[in-house]
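A.B. asks: fold the stuff below for me.
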Amino acid sequence: MGGRKVPNSSEDVVADSVEPQLFAFGTFILDMERGALTREGRRVAIGHKGLLLLHALVRASMQVVSKSALMEAAWPAAVVEESNLSVQIAALRKMLGPQPEGNEWIATVPRAGYRFAARVNSLHPVAADASPALPGSPANPGRPSIVVLPFANLSSDKQQSYLVDGITEDVITALTRFRWFRVIGRNSSFVYKHKSVSAKQVGRDLDVDYVLEGSVRRSGGRLRVSTQLVETTSASQVWAERYDLEMEEAFAVQDAIAERVAGAIEPELLKTASFPSPARHTGNLSAWEIVRQGTWYFHQVGQQTHLMARELFREACRLDPELAEAHLWLGRVSAGIVAYGWSELPSDDIREGLDAALAAVRLDEKNPYTHYALAICSAYANAPEQAVLAAERAIEISPSFALGHLVLGMAELFRGNASGAIASLEHGLMLNANDPQNFVWLNFLALAHLFAGDGTNALAAAVKAQKVRPGWRPVQETLACCYAAAGRLAEARSSRALMSELENVSGDALEPLRQRNPHWQKRLAELLQQIPSNLLQTPQPS
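C.D. replies: Numbers count the residues shown, from 1 in each chain. Below is the predicted model:
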């Protein structure tokens with residue numbers, strides 16, 4: 001069947017009034033507030049589209065839901081093939097398995113649609129309080145939150161900071177593989193670099209249960225890595241260990257630390273949970289250390305530092321073609337160079353990044369960062385559908401992976417689904433609230449609200465973006481449009497005047513959005529034109 005526009009009639013769309021967000025059936029609980037499905041208290045891997053379809057079916061339990069209503073629930077206001085729905089329903093059936101009596105949970109109703117063939121208990125807030133805590137909820141100690149603070153460099157050579165930062169980031173990545181952890185992102189934790197702050201204060205700032213601290217001392221070809229895990233409420237030490245090892249053994253230290261942290265926090269869960277195997281290292285120390293150097297430059301976020309990082313990642317890929325993280329970082333930096341407007345040949349650079357990201361996924365399919373690299377490169381390769389799939393896979397691997405939620409929202413926005421982008425962007429920002437690079441994601445959130453018709457929240461997000469990075473031209477442009485939409489022309493004048501003073505780089509972080517959504521580009525242009533020209537002129541003294 002050919003592609004068609006999903007209808008948006010009130011008769012076809014499942015009602016979306018104020019409803020409970022918890023649904024129980026069999027041994028499953030569907031929690032739409034957290035975007036999670038659990039079976040017997042353990043999280044089930046389910047994609048974003050599958051979650052939306054299951055929600056539409058269970059809230060209409062025992063009733064037929066038309067195909068058009070289901071397609072609108074999962075692909076709102078998008079042109080889709082009906083075969084996409086069939087594929088998603090088949091995946092849901094496989095994931096849910098049979099009911100206890102052997103029947104399928106989802107029944108096909110010929111020429112009508114689908115029906116959830118079981119009674120569903122809707123849990124309202126009172127009932128939810130009495131139900132078992134879900135993984136990820138504050139009441140459940142089985143999925144704690146943790147932040148890894150930047151390890152201290154105790155080496156006599158202060159130039160070794162790249163190595164220390166790299167080991168810190170490796171530990172964060174290793175912890176992310178444990179699905180039951182909520183791990184604070186790297187950029188949020190690195191705001192504490194070179195700061196003396198207590199575990200209790202960090203716990204209050206980031207709302208985390210545990211802080212992992214450490215130090216690294218390099219002497220010639222040897223490393224000493226010391227770590228301690230602190231519970232933030234009591235500031236008591238839960239676990240501490242020191243590792244003395246040769247540089248050639250540095251590959252394994254982050255996995256060893258992550259496993260000991262997991263065991264120290266929740267030994268009973270560690271006994272029963274099924275964890276992914278540690279990242280595979282290839283043994284090429286030179287390539288590994290070059291990647292550490294490259295990530296240090298990458299996080300400085302500047303044109304020259306990004307270009308230097310790219311050369312280092314290219315060299316690491318050349319030295320060790322089987323090192324997955326070299327490829328994923330080459331993908332990430334390539335997307336950044338294009339997005340920030342620092343590329344002279346955007347199509348060539350994003351192709352290089354896309355090829356690198358695909359290689360990273362092939363080499364380490366269970367690493368959420370490889371799928372994030374593929375998602376961000378796909379978004380700037382004008383392939384937002386592939387970006388959505390890659391982002392959803394990253395979230396399936398690690399539900400608390402903030403970058404996965406953020407890039408999913410960006411991809412949804414790029415492909416024209418403004419309303420569908422908002423929840424993912426907001427969730428990612430909640431998980432990664434203190435990231436210094438959040439001005440990019442806040443800008444996307446502001447545009448999503450603006451294009452979805454919510455000028456109030458659009459302006460609020462744009463103001464937050466301005467606070468993080470006032471000197472970034474796209475932020476000022478979005479802010480000017482939001483002020484104009486609100487009729488606040490004096491503020492719009494100020495933002496547009498500042499926008500005109502800032503560097504207008506050759507690239508454009510919103511280029512894929514503009515290409516695929518010309519009606520939105522027209523809307524932005526109209527808003528800027530609403531600012532009267534006389535307001536743009538600086539008053540002359542009388």
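A.B. asks: tell me the phi and psi of residue 196?
C.D. replies: Dihedral pair for residue 196: phi -90, psi 110, per degrees, to the nearest 10.
A.B. asks: pLDDT (mean, whole number) over stretch 465-485?
C.D. replies: Averaged over stretch 465-485, pLDDT sits at 90.
A.B. asks: in it, what's buried?
C.D. replies: 465-466, 468-469, 472-485 (16 or more other CB atoms under 10 Å). Yep, even glycine has a C-beta here, placed from its N, CA and C like the rest.
A.B. asks: contacting residues around that stretch?
C.D. replies: For stretch 465-485, contacts defined as CB atoms under 8 Å, 6 or more residues apart in numbering pick out 436, 438-439, 442-443, 446-447, 450, 455, 458-459, 462-463, 489, 491-492, 495-496, 498-499, 502-505, 508-510, 524, 527-528, 530-531.
A.B. asks: filter the residues you listed down to the buried ones, ChimeraX style.
C.D. replies: Of these, the buried ones can be selected in ChimeraX as follows, counting by 16+ other CB under 10 Å:
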select :438,439,442,443,446,447,450,455,458,459,462,463,489,491,492,495,496,498,499,508,509,510,524,527,528,531
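A.B. asks: filter the contacts of stretch 465-485 down to the ones in strands?
C.D. replies: Counting by DSSP state E, none of the members of the contacts of stretch 465-485 fall within strands.
A.B. asks: for the helix or strand hosting residue 519, name the packing helices and strands.
C.D. replies: Using DSSP states H and E, residue 519 falls within helix 518-529. Other elements packing on helix 518-529 under the criterion 3 or more CB pairs under 8 Å, 6 or more residues apart in numbering; DSSP states H and E are helix 438-451, helix 473-485, helix 511-516.
A.B. asks: to residue 49, which of those helices lies closest?
C.D. replies: Closest to residue 49 of the helices and strands packed on helix 518-529 is helix 438-451 (CB to CB; 18.2 Å).
A.B. asks: next, the angle helix 473-485 makes with that closest one.
C.D. replies: Angle, helix 438-451 to helix 473-485, by axes from the mean of the first three to the mean of the last three CA atoms, to 10 degrees: 30 degrees.
A.B. asks: what about helix 438-451, distance to the chain center?
C.D. replies: Distance, stretch centre to chain centre, for helix 438-451: 14 Å (CA atoms, centre = their mean, to the nearest Å).
A.B. asks: just the C-alpha atoms of it, please, in CSV.
C.D. replies: Presented in CSV, the C-alpha positions along helix 438-451 are these (Å, rounded to 0.1, in the frame of the first residue of the first chain):
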residue,chain,number,x,y,z
ASN,A,438,22.4,22.2,26.6
PHE,A,439,22.0,25.5,24.7
VAL,A,440,21.8,23.4,21.6
TRP,A,441,19.1,21.1,22.9
LEU,A,442,17.2,24.0,24.6
ASN,A,443,17.1,25.8,21.2
PHE,A,444,15.6,22.7,19.6
LEU,A,445,13.1,22.5,22.4
ALA,A,446,12.1,26.2,22.0
LEU,A,447,11.5,25.6,18.2
ALA,A,448,9.5,22.4,18.9
HIS,A,449,7.2,24.3,21.2
LEU,A,450,7.0,27.3,18.8
PHE,A,451,6.1,25.1,15.8
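A.B. asks: run through who's touching it.
C.D. replies: Contacts for helix 438-451 (CB under 8 Å, 6+ apart): 339, 406, 409-410, 413, 418-419, 421-422, 425-426, 428-429, 432, 435, 455, 457-459, 461-462, 464-466, 468-469, 472, 474-475, 478-479, 481-482, 485, 509-510, 513, 517, 520, 523.
A.B. asks: check stretch 310-320 too.
C.D. replies: Residues from elsewhere that reach stretch 310-320 (CB under 8 Å, 6+ apart): 282, 284, 286-288, 290-291, 293-294, 297, 323, 326-327, 329-330, 333-334, 337, 356.
A.B. asks: which of these are buried? Put it as a ChimeraX command.
C.D. replies: Of the contacts of stretch 310-320, the buried ones go into a single ChimeraX selection, burial set by 16+ other CB under 10 Å:
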select :282,284,287,288,290,291,293,294,297,323,326,327,329,330,333,334,337,356
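A.B. asks: take the contacts of stretch 310-320 and keep only those in helices.
C.D. replies: Counting by DSSP state H, the part of the contacts of stretch 310-320 found in helices is 286-288, 290-291, 293-294, 297, 326-327, 329-330, 333-334, 337, 356.
A.B. asks: list the contacts for residue 100?
C.D. replies: residue 26.
A.B. asks: from residue 117, how far off is it?
C.D. replies: 13 Å (CB to CB, to the nearest Å).
A.B. asks: just residue 24 next, same as before
C.D. replies: Relative to residue 117, and taking CB to CB, residue 24 is found at 16 Å.
A.B. asks: of those two, which one has the most company?
C.D. replies: residue 24 (20 against 16; other CB atoms under 10 Å).
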